[in-house]
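**Student:** A structural model of the following input is requested.
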Amino acid sequence: MGTINSALGIIGGALDADQAALGVVANNIANANTPGYSAESPTWRQNTPVFLDGVQVGTGVTEAGSTSRRDRVLLQRLDQQQQLASASTTRLAALNNIQALFTPNSGSSTSAAGDIGTDITNFFDSFSSLQADPTNSALRNQVLSAARLLSGDVSSAARSLNGQQAALDQEAASIAGQVNTLTSAIAQLNLAIQSASPNQDAGPLEDQRQQDISQLSQLIGINQVTTEDNGLSITTTSGQLLVSQGQSYQLTTGKVDGLTQFYVGGENIAQPDPTAVGGQLGGYLTARDVDLPRVLSSLDQLAYGISTAVNQQNNAGTDLAGVSGSGNLLNIFNPPAQVAGSAAAMAVVMTDPNQIAAAGAGEGSGDNSNAMAMADLADNARIAPSATTSFSLTQNLSSSTPVGNSVTGATTVYDAKGKSYQAAVTYTNAGPSTADPTAEQWNYQLSLGGVVAATGSLTFDASGNLVVPVADITGIMLSGLSDGAPPLNLTWQLYGAAGVPQLTQTSSASAQTGTSQNGSPGQSPIDFYSSFVSALGSTVAEAQTESTAQSASVSQLQSQCNALSSVNLNDQAAALSLLETSYQAASQVFTILNSIMTSALNLGVETAVA
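**Tutor:** The predicted model follows:
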């Protein structure tokens with residue numbers, strides 16, 4: 001009798017387990033379309049076996065709840081990839097808006113920037129037309145009309161860029177509230193999970209937490225650390241704490257120089273590198289603080305260079321009334337005080353076309369020499385020149401050079417206005433060093449633009465290595481530059497990477513094999529604009545490629561997560577069929593055991609108690 005009761009207990013447990021498992025499957029099917037839901041599987045646990053006459057006998061199984069099908073490592077990889085993809089997509093959208101301002105041949109009527117490249121060409125061409133008939137009123141008006149079109153398109157582009165920066169700032173600022181809402185929710189879910197299921201999967205609570213983390217990773221770059229009791233800590237990519245167990249930390253904002261900055265615990269999360277912030281916020285900040293300022297700076301340099309060069313040249317001539325430009329009386333453009341802001345402020349201030357100084361200084365009104373010089377600015381005006389501050393010469397001085405004989409080397413350097421000067425060095429073999437007869441001494445004389453700027457001596461050891469001076473030569477000056485540029489202040493780099501000398505003394509023939517310098521003569525206006533637009537196009541293309549690759553990676557990882565965690569209705573139907581069959585089988589066994597028990601109770605009399 002005891003054995004029949006035990007069998008009934010086992011079968012009863014089997015029916016309960018099957019019923020619970022059927023409930024898990026039914027829940028999966030009901031949530032097949034619920035966002036973020038992870039399919040659950042029944043957890044089977046073997047009951048404690050018993051021993052009958054020394055033989056171990058199983059006592060069936062119990063359904064001990066369900067376990068969600070998820071891979072936390074895979075989910076974290078997905079979150080990390082989502083924040084990269086979100087940053088790339090957001091930045092790309094901003095870059096496309098910037099590039100749209102500089103579409104070639106767009107025309108002023110359909111583009112905020114117009115076609116600045118064509119404007120530049122037409123403006124300088126108008127001086128070429130004027131030089132053929134310098135007193136012609138219509139041609140003079142044409143110069144001012146071309147100037148207004150150019151300045152209007154440049155300033156319009158600058159205003160549009162400033163407007164885009166303000167819009168990006170506003171979009172970025174709106175993210176802080178969303179981040180704080182999600183981090184607060186995650187902290188509360190941490191508490192709920194630790195309370196309900198500290199040592200095992202928490203099912204729907206973990207699904208909700210993961211969904212919030214996924215949304216958070218699209219807004220801002222994060223790092224995740226699993227803690228005890230099934231908790232989770234979250235930091236920004238630069239390490240500031242956003243969530244710790246059940247505590248969340250606010251992302252706050254503040255204005256600096258008119259732009260929104262983002263802080264956690266008083267620490268700016270975008271410093272020193274806004275491109276590392278990640279998520280939508282990182283994309284906004286990269287476009288706002290890196291891409292857009294770079295474009296605006298180039299536009300400012302263009303406006304500054306054209307305005308300054310044209311004003312200077314017009315003031316160097318004589319206008320139609322015989323007035324010279326002394327005292328800057330004949331400015332065509334609003335004279336910029338500095339590079340920054342020049343594009344937005346660019347405007348034509350000349351109202352009288354007769355003030356265009358087509359004639360040279362002191363020449364009659366029919367002269368066209370200054371109009372020719374103005375036209376030549378199309379090639380001669382220098383945009384964004386930079387002064388050389390250091391240069392190097394890679395050169396061998398032959399040890400077979402007779403004492404008293406010389407070897408020369410040279411390179412080109414530039415002042416702040418782009419004018420070039422030759423930096424020429426004459427090395428004269430002075431024979432063995434008095435301090436060390438095995439060493440060789442050479443005297444040098446360095447000239448800049450024909451003016452001696454530095455003299456001294458070089459000492460090479462017996463192996464031909466430069467040993468004196470032991471460091472680069474600094475403070476090489478050239479002042480009183482004819483173009484009015486600030487004095488040159490140069491460093492002659494005698495030593496390269498890892499302290500390797502640039503100058504050697506060997507038995508090979510004397511030869512200069514390389515030079516370097518960090519200055520630039522600048523570019524002509526149209527060349528500068530073309531380079532700037534090409535660089536912008538390359539940046540957009542790179543961002544597009546990166547965005548496509550990041551999105552593809554997200555899709556791949558999402559597919560892997562879905563394959564593991566999503567509800568597959570075919571699989572659930574098969575499980576449902578299997579469990580129903582198991583339930584039916586257990587029911588049949590239960591019925592049989594019930595009949596046996598009835599017969600035993602009634603001593604085989606079928607009409608007795610059932």
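**Student:** Asp201 in helix, strand or coil?
**Tutor:** coil (DSSP: H, G, I helix; E, B strand; the rest coil).
**Student:** And for the strand or helix carrying Ala423, what's in contact with it?
**Tutor:** In this assignment (DSSP states H and E), Ala423 forms part of strand 420-432. For strand 420-432, the surrounding residues in contact (C-beta atoms under 8 Å, 6 or more residues apart in numbering) are 391, 393, 397, 401-415, 438-450, 457-458, 478, 488, 490, 517, 521. Every C-beta, even on glycine, is put in place using the N, C-alpha and C of the backbone.
**Student:** Show me which of those are buried.
**Tutor:** Buried by 16 or more other C-beta atoms under 10 Å: 391, 393, 397, 401, 407, 409, 411, 413-415, 439-442, 444-449, 458, 478, 488, 490, 517, 521, out of the contacts of strand 420-432.
**Student:** still on that earlier bit, mind listing what the strand holding Ala423 pairs with, with the direction of each?
**Tutor:** According to DSSP bridges, strand 420-432 has the following sheet partners: strand 406-414 (antiparallel), strand 440-448 (antiparallel).
**Student:** Please enumerate the strands of the stretch 501-610 of the chain.
**Tutor:** Ranges of strands within the stretch 501-610 of the chain are 503-506, 511-517, based on DSSP state E, counting those that start in this stretch.
**Student:** Do you know the pLDDT at Glu206?
**Tutor:** For Glu206, the model assigns a pLDDT of 85.
**Student:** Was I right to think it contacts Gln194?
**Tutor:** No. Using C-beta atoms under 8 Å, Glu206 makes no contact with Gln194, being 11.4 Å away.
**Student:** list the residues that contact both of those two?
**Tutor:** Asn230.
**Student:** Might you report the residue contacts of the nearest residue to Gln142 once chain neighbours are set aside?
**Tutor:** Excluding the flanking residues, the one nearest Gln142 by C-beta to C-beta, 6 or more residues apart in numbering is Ser126, at 5.1 Å. By C-beta under 8 Å, 6+ apart, the contact set of Ser126 is Leu139, Gln142, Val143, Ser145, Ala146.
**Student:** now Gly231
**Tutor:** By C-beta under 8 Å, 6+ apart, the contact set of Gly231 is Asn190, Ile193, Gln194, Gln245, Gly246.
**Student:** Report the buried members of those residues.
**Tutor:** Here, 16+ other C-beta under 10 Å leaves Asn190, Ile193, Gln194, Gly246 buried among these.
**Student:** quick one: which of those is nearest Gln210?
**Tutor:** Gln210 lies nearest to Ile193 out of those, by C-beta to C-beta, at 10.9 Å.
**Student:** how about the nearest residue to that closest one once chain neighbours are set aside, what does it touch?
**Tutor:** In this structure, Ile193 finds its nearest non-sequential neighbour in Ala202, 4.4 Å apart by C-beta to C-beta, 6+ apart. For Ala202, the contacting residues are Ala192, Ile193, Ala196, Asn230, by C-beta under 8 Å, 6+ apart.
**Student:** Can I get those residues in a markdown table including distance to Ala340, secondary structure and pLDDT?
**Tutor:** Formatted as a markdown table, the contacts of Ala202 follow (distance: C-beta to C-beta, whole Å; DSSP: H, G, I helix; E, B strand; the rest coil; pLDDT from 0 to 100):
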| residue | distance to Ala340 | secondary structure | pLDDT |
| --- | --- | --- | --- |
| Ala192 | 53 | helix | 90 |
| Ile193 | 52 | helix | 87 |
| Ala196 | 58 | helix | 81 |
| Asn230 | 54 | helix | 82 |
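**Student:** Return a ChimeraX selection command for the buried portion of those residues.
**Tutor:** In ChimeraX, a selection of the buried entries from those looks like this (16+ other C-beta under 10 Å):
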select :193,230
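**Student:** Please produce a markdown table containing the contacts of Ala202, extended by distance to Thr90.
**Tutor:** Output for these, formatted as a markdown table (distance: C-beta to C-beta, whole Å):
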| residue | distance to Thr90 |
| --- | --- |
| Ala192 | 32 |
| Ile193 | 31 |
| Ala196 | 36 |
| Asn230 | 33 |
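**Student:** Identify each buried residue in the host helix or strand of Ala94, please.
**Tutor:** Assigned by DSSP H and E, Ala94 belongs to helix 72-99. For helix 72-99, a neighbour-count test (16+ other C-beta under 10 Å) marks 75-76, 78-92, 94-95, 97-99 as buried.
**Student:** Ok, stretch 337-353 next?
**Tutor:** Those would be Val339, Gly341, Ser342, Ala343, Ala344, Ala345, Met346, Val348, Met350, Pro353, for stretch 337-353 by 16+ other C-beta under 10 Å.
**Student:** any idea how far it is from the chain center?
**Tutor:** 32 Å (C-alpha atoms, centre = their mean, to the nearest Å).
**Student:** if we can go back for a sec, between the strands paired with strand 420-432, which gets nearest to Asp571?
**Tutor:** Of all the strands paired with strand 420-432, it is strand 406-414 that lies closest to Asp571, at 72.0 Å by C-beta to C-beta.
**Student:** chain center to the closest one: distance?
**Tutor:** On C-alpha atoms, centre = their mean, the centre of strand 406-414 falls 40 Å from that of its chain.
**Student:** and what of stretch 455-464?
**Tutor:** With C-alpha atoms, centre = their mean as the basis, stretch 455-464 stands 47 Å off its chain's centre.
**Student:** okay, how far is it across that stretch, tip to tip?
**Tutor:** End-to-end distance for stretch 455-464: 21 Å, by C-alpha to C-alpha, to the nearest Å.
**Student:** If you average the pLDDT over that stretch, what comes out?
**Tutor:** The model assigns stretch 455-464 a mean pLDDT of 95.
**Student:** Show me what that stretch is in contact with.
**Tutor:** Counting by C-beta under 8 Å, 6+ apart, 397, 399, 427, 430, 433, 435-436, 438-446, 466-469, 473, 503-506 sit against stretch 455-464.
**Student:** Can you name the residues that contact Pro335?
**Tutor:** Ser307, Thr308, Asn311, Asn328.
**Student:** Skipping adjacent residues, who's closest to the last one in space?
**Tutor:** Think Asn328. Asn315 (5.5 Å).
**Student:** Was I right to think that neighbour contacts Val323?
**Tutor:** No. Using C-beta under 8 Å, Asn315 makes no contact with Val323, being 10.4 Å away.
**Student:** For the two, indicate the residue with more neighbours.
**Tutor:** Asn315 (21 against 14; other C-beta atoms under 10 Å).
**Student:** From what I see, Ser390 and Gln493 are in contact.
**Tutor:** Yes. Counting by C-beta under 8 Å, Gln493 is a contact partner of Ser390 at 5.5 Å.
**Student:** Identify the contacts common to these two.
**Tutor:** Joint contacts of Ser390 and Gln493 (C-beta under 8 Å, 6+ apart) are Asp472.
**Student:** Show me where the stretch 201-350 of the chain dips below the pLDDT cut-off.
**Tutor:** Filtered on pLDDT under 70, the stretch 201-350 of the chain yields no residues whatsoever.
**Student:** Quickly list what's touching both of Asn315 and Val323.
**Tutor:** Contacts common to Asn315 and Val323, judged by C-beta under 8 Å, 6+ apart, are Leu329, Leu330.
**Student:** The residue nearest to Gln142 and Gly322: what is the separation?
**Tutor:** Computed with C-beta to C-beta, to the nearest Å, the distance linking Ser126 and Gly322 is 22 Å.
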